[in-house]
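Peer 1: Coordinates for the following, if possible.
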Amino acid sequence: MAFHIRPAAADDLDRAADVLAAAFDTYAWTRWTIPQDGYRDRLRELQRMYLGYALEVGVVLVDDGLRGVVALLPPQAPDPSPKFQERVAQLHGSRLAAVASAGIPPHPAGAWNLATVGVHPASQGLGLGAALVRAGLDAAGGQVALETSDDRNVRLYERLGFSVTATTVVAEGPVVHSMCTPIPTIEAAS
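Peer 2: Next up is the predicted model:
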């Protein structure tokens with residue numbers, strides 16, 4: 001199945017956040033990091049905030065039907081504003097200390113961060129997630145790192161050229177797999 005993947009526009013972000021909220025509703029990491037009180041509203045607001053930040057400093061891609069989205073941050077992305085960080089802390093609420101102490105290793109220096117990719121549950125299994133990741137890798141044009149808490153995602157990312165670089169067992173939380181693509185080699189002109 002062919003998908004038309006394009007750069008997101010600012011007016012795509014609300015629908016893209018809805019897609020991510022639906023895609024991550026039962027995801028182990030978000031269930032662990034976001035308080036259950038108002039979980040879905042918190043999750044959707046966090047997704048919308050992060051998409052806005054990624055659109056500002058990185059790359060956000062969607063398919064024409066807005067059924068899936070991928071967001072990547074460049075290696076030297078600036079820190080979000082203090083107001084942004086304060087709101088993120090509020091949304092994580094009582095889970096903030098646990099998130100901060102999770103002990104996930106940093107990405108390799110110079111690697112892009114595949115911050116999120118998600119496909120609406122009604123469109124999963126069609127290859128859209130893989131198409132979005134491939135388009136994101138092309139847009140980044142360099143080494144890309146990510147984390148996932150789903151073993152099915154590990155297999156998908158491995159098929160797309162990622163390798164597991166670390167596995168972190170978070171105390172009273174999910175297992176987090178850190179993954180990265182190889183550093184691209186530049187072929188010498190002959």
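Peer 1: wait, what's in contact with Asp14?
Peer 2: By C-beta atoms under 8 Å, 6 or more residues apart in numbering, the contact list for Asp14 reads Arg48. (C-beta placed from N, C-alpha, C; glycine too.)
Peer 1: Using the three-state scheme, assign it.
Peer 2: helix (DSSP: H, G, I helix; E, B strand; the rest coil).
Peer 1: Output the helix or strand of the chain with the lowest mean pLDDT as CSV, nothing but the C-alphas.
Peer 2: Of all helical and strand segments in the chain, the minimum by mean pLDDT, DSSP states H and E falls on helix 96-100, at a mean of 88. Only the C-alpha atoms of helix 96-100 are listed here, as CSV (Å, rounded to 0.1, in the frame of the first residue of the first chain):
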residue,chain,number,x,y,z
LEU,A,96,7.4,13.3,37.5
ALA,A,97,10.0,12.1,40.0
ALA,A,98,9.7,8.5,38.7
VAL,A,99,10.1,9.7,35.1
ALA,A,100,13.1,11.8,36.1
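Peer 1: Disregarding flanking residues, what is the spatial nearest neighbour of the residue nearest the centre of the chain?
Peer 2: Nearest to the geometric centre of the chain sits Thr116, at 1.3 Å (C-alpha atoms, centre = their mean). The shortest distance from Thr116 to any non-neighbouring residue, by C-beta to C-beta, 6 or more residues apart in numbering, is to Ala71 (5.0 Å).
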